[in-house]
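>>> take this sequence and fold it.
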Amino acid sequence: MAKLYFYYSSMNAGKSTILLQSSYNYQEMGMKTMLFTARLDDRYGDPRIHSRIGLEAEADLYGQDDDLFAQVKARHDGEPLACVLVDEAQFLTRNQVDQLSDVADHLSIPVIAYGLRTDFQGELFPGSERLLAIADEMREVKTICRCGKKATMVLRLDESGRAVKDGEQVVIGGNSRYISVCRVHWKEAMAV
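Prediction:
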């Protein structure tokens with residue numbers, strides 16, 4: 001039986017790198033994969049998954065209204081898929097997570113979703129919340145805080161490098177806008 005997996009972490013833990021390595025492993029064995037990434041994250045301007053260490057691969061983009069089950073089924077009918085891999089899974093809607101569970105349950109294709117667990121305010125993203133609720137297996141991808149402890153939280157920074165305490169849940173950005181920290185340093189930054 002295929003499963004729905006959720007690999008979660010704070011930022012800069014290597015989720016995209018792990019996703020790309022997983023896809024490569026399937027392809028090296030002659031198996032087809034389908035990769036998705038969020039249309040919302042347009043930093044690179046192309047339909048690709050990019051990792052901070054330079055790995056990248058072509059991907060299908062998804063937006064809030066896309067039916068991921070239908071897209072996977074159409075591709076799978078044309079060429080059997082061995083795995084579906086989703087980057088930036090925090091941006092999935094609740095319905096899209098359910099569609100991905102249907103891919104595992106009805107098409108018997110494993111789905112591995114990679115994403116952030118929480119936003120800069122310590123709140124769950126909708127996609128992450130649903131994945132935490134229904135995924136068959138969950139794994140934390142670990143990274144470290146500047147103090148050496150495990151980083152579990154994300155800080156959004158303003159132009160001066162100070163923690164942003166409120167605002168929209170989603171503001172696209174990389175290392176200059178976000179950093180991963182332990183809970184102690186997150187609380188300290190949010191209290192100032």
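>>> mind listing residues that contact the helix or strand of the chain with the lowest mean pLDDT?
Between all helices and strands in the chain, the lowest mean by mean pLDDT, DSSP states H and E belongs to strand 48-50, at a mean of 75. Strand 48-50 has contacts (C-beta atoms under 8 Å, 6 or more residues apart in numbering) with 16, 19-20, 35, 37, 44, 56-59, 87. For the C-beta atoms, the positions are set from N, CA and C on the backbone; glycine is no exception.
>>> would you mark the buried spots in it?
For strand 48-50, burial by neighbour count (16 or more other C-beta atoms under 10 Å) applies to 49-50.
>>> chain center to it, what's the gap?
12 Å (C-alpha atoms, centre = their mean, to the nearest Å).
>>> over to stretch 98-110?
Its chain's C-alpha centre and that of stretch 98-110 lie 18 Å apart, by C-alpha atoms, centre = their mean.
>>> for it, C-alpha coordinates in CSV please.
Listed next in CSV are the C-alpha coordinates belonging to stretch 98-110 (Å, rounded to 0.1, in the frame of the first residue of the first chain):
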residue,chain,number,x,y,z
ASP,A,98,-6.8,15.2,0.6
GLN,A,99,-6.2,14.9,-3.1
LEU,A,100,-2.6,13.7,-2.5
SER,A,101,-3.9,11.2,0.0
ASP,A,102,-6.2,9.9,-2.8
VAL,A,103,-3.1,9.6,-5.0
ALA,A,104,-1.6,7.2,-2.5
ASP,A,105,-4.9,5.4,-1.6
HIS,A,106,-6.5,5.1,-5.1
LEU,A,107,-3.6,5.2,-7.5
SER,A,108,-1.1,3.4,-5.2
ILE,A,109,1.6,6.0,-5.8
PRO,A,110,3.6,7.1,-2.8
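>>> re earlier: partner strands of the helix or strand following the least confident helix or strand of the chain and their direction?
For strand 48-50, the following helix or strand on the C-terminal side (DSSP states H and E) is strand 56-58. Note on strand 56-58: by DSSP bridges, its sheet partners are strand 48-50 (antiparallel).
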